[in-house]
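In: Show me the folded form of this:
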Amino acid sequence: MEKQVLIINVRLIINGVCRKSNQRVGKTKTNKMATVLNSITIAPAGTNNYGVDNELMILAVNGSTSVELFRLKSGYGQLINYTIKLGGILAAGNYYLVIIGINWGGPASFNVQLDPSSLSPASYLNNTAPIGVVWTPTPIAFTV
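Out: Below is the predicted model of the structure:
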């Protein structure tokens, strides 16, 4: 069977310096269907995890384009609770969910819950996180 490999290029300007990271996004058989992803919820998760601290980007990526599903800048103890219903945003098809967490300094925390819950939720908490991109969990294959 034919296999696809998707390379995601991310360029960020941090303190006036352009930083680039290439991330290989797994191999999947073209005839294998990924799990249907209904929604994504960004919400607090326990002590010191406010949902977003400081900046969170969530993208849906396929072989030809990307769609920015969510981008929020927050922090300073602000609680975030937001749900994205994917059926109204994305055309039917196969995608990878790409999550990028950015810290501006001090603690960093992110919590992303997925529906269905059989897909692992993604969470990050680091009270001494460095400045810059601190969190990029493995992309998740899904379909709409």
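
In: What strand or helix carries the residue nearest in space to the middle of the chain?
Out: In the chain, the C-alpha closest to the average C-alpha coordinate belongs to I99, at a distance of 1.5 Å (CA atoms, centre = their mean). When elements are defined using DSSP states H and E, I99 is found to belong to strand 94-103.

In: C-terminal to that strand, which secondary structure element comes first?
Out: The element immediately downstream of strand 94-103 (helix or strand, assigned by DSSP H and E) is strand 108-115.

In: Mind giving me the packing neighbours of that next one?
Out: Of the remaining helices and strands, those touching strand 108-115 by 3 or more CB pairs under 8 Å, 6 or more residues apart in numbering; DSSP states H and E are strand 39-42, strand 52-61, strand 94-103, strand 122-126, strand 132-135. From N, CA and C alone the C-beta is placed, and that goes for glycine too.

In: Now render the ones you listed as a markdown table, adding mean pLDDT and distance to G87.
Out: What follows is those, written out as a markdown table (pLDDT from 0 to 100; distance: least, CB to CB, whole Å):
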| stretch | mean pLDDT | distance to G87 |
| --- | --- | --- |
| strand 39-42 | 89 | 8 |
| strand 52-61 | 93 | 12 |
| strand 94-103 | 95 | 13 |
| strand 122-126 | 89 | 21 |
| strand 132-135 | 96 | 27 |
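
In: low-confidence ranges in the chain?
Out: Segments of the chain classed as low confidence (criterion: pLDDT under 70) are 1-33, 47-48.

In: May I have the strands that pair with the strand holding I99, each with its orientation?
Out: Listed by DSSP bridges, the sheet partners of strand 94-103 and their directions read strand 52-61 (antiparallel), strand 132-135 (antiparallel), strand 140-143 (antiparallel).
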